[in-house]
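A.B. asks: Starting from these lines, generate the structure:
(chains A and B)
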Amino acid sequence: MPKSIDREEVQRMVRAGAQLVEVLPSPEYEEDHLPGAIHLALRHIEDQGVEKLDRNRPVIVYCWDTA
Amino acid sequence: MSPRAAWRLESLGFGDVYDYENGKLDWLAAGLPTEGTNASRPRAGDVSRKEVPTCGIKERLRDVANRVRGQGWDAAVVVSGERVVLGLLRSKELSKEPDQPVEAAMRPGPSTFRPFVAIDEMARFMTEHNLESAPITTSDGRLVGLLLRGDVVARPREGC
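C.D. replies: The predicted structure is shown next:
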């Protein structure tokens, strides 16, 4: 079950090597994304997620807010 | 959206998946750096004056006014011990009867803005609402700095 984490935990985990994934549409990612985040639109997770992400490192996904 | 993504990744065999549930809005509101086409555009948090004087709610207005003016300012932000914005002292409030506590003289509950708001947007809003200054805060209300209209609104040169 995916765990919910807050900003401080995100910062700590990224420093430790976690992967950041923004799942918003491309234009929003292009304007602003968290440092080092890769883009993976929700509808492309199946075909792109496997090739873009390292299974051996934690993955943190985010969108705009809690919606 | 991100919970669904997290669940889908887990179902694809990723075993260590987390959801930053407050997301990009929370990150931007904290004034943290980003990458992308907007990253180099100045925002309210970048231009706000971090050195703005602050004071506590129980201080005497006379002491605060003397200190603030001694620092070359005519405004101060009233904050809690955790730097949460409680009020604003502008020139008008700093000139009130000096023997009262700050909490009686301040302008309580001023409108605050998040650090990621674009400068041109702030300039338009401050002009339309005749705001001389605006506190910039994180999403949990902590002071980042004070944005001065003179710093964001282009002023015509004298004599033109």
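
A.B. asks: For the residue sitting nearest the centre point of chain A, what is the enclosing helix or strand?
C.D. replies: Nearest to the geometric centre of chain A sits residue A:21, at 1.6 Å (C-alpha atoms, centre = their mean). Using DSSP states H and E, residue A:21 falls within strand A:19-22.

A.B. asks: Pull out the buried positions in that strand.
C.D. replies: By 16 or more other C-beta atoms under 10 Å in any protein chain shown, the buried positions in strand A:19-22 come out as A:19, A:20, A:21, A:22. Bear in mind the C-beta positions are built from the backbone N, C-alpha and C, glycine included.

A.B. asks: Verify the contact between the second one and residue A:39 for me.
C.D. replies: No: between residue A:20 and residue A:39 there is no contact, the gap being 10.2 Å when judged by C-beta atoms under 8 Å.

A.B. asks: any shared contact partners between these two?
C.D. replies: Contact criterion C-beta atoms under 8 Å, 6 or more residues apart in numbering or on different chains; residues shared by residue A:20 and residue A:39: none found.

A.B. asks: So in chain A, where's the weakest helix or strand by average pLDDT?
C.D. replies: Least confident helix or strand, chain A: helix A:50-52 with a mean of 85, by mean pLDDT, DSSP states H and E.

A.B. asks: Return, as residue ranges, the portions of chain B with sub-threshold pLDDT.
C.D. replies: Within chain B, the segments meeting pLDDT under 70 span B:154-160.
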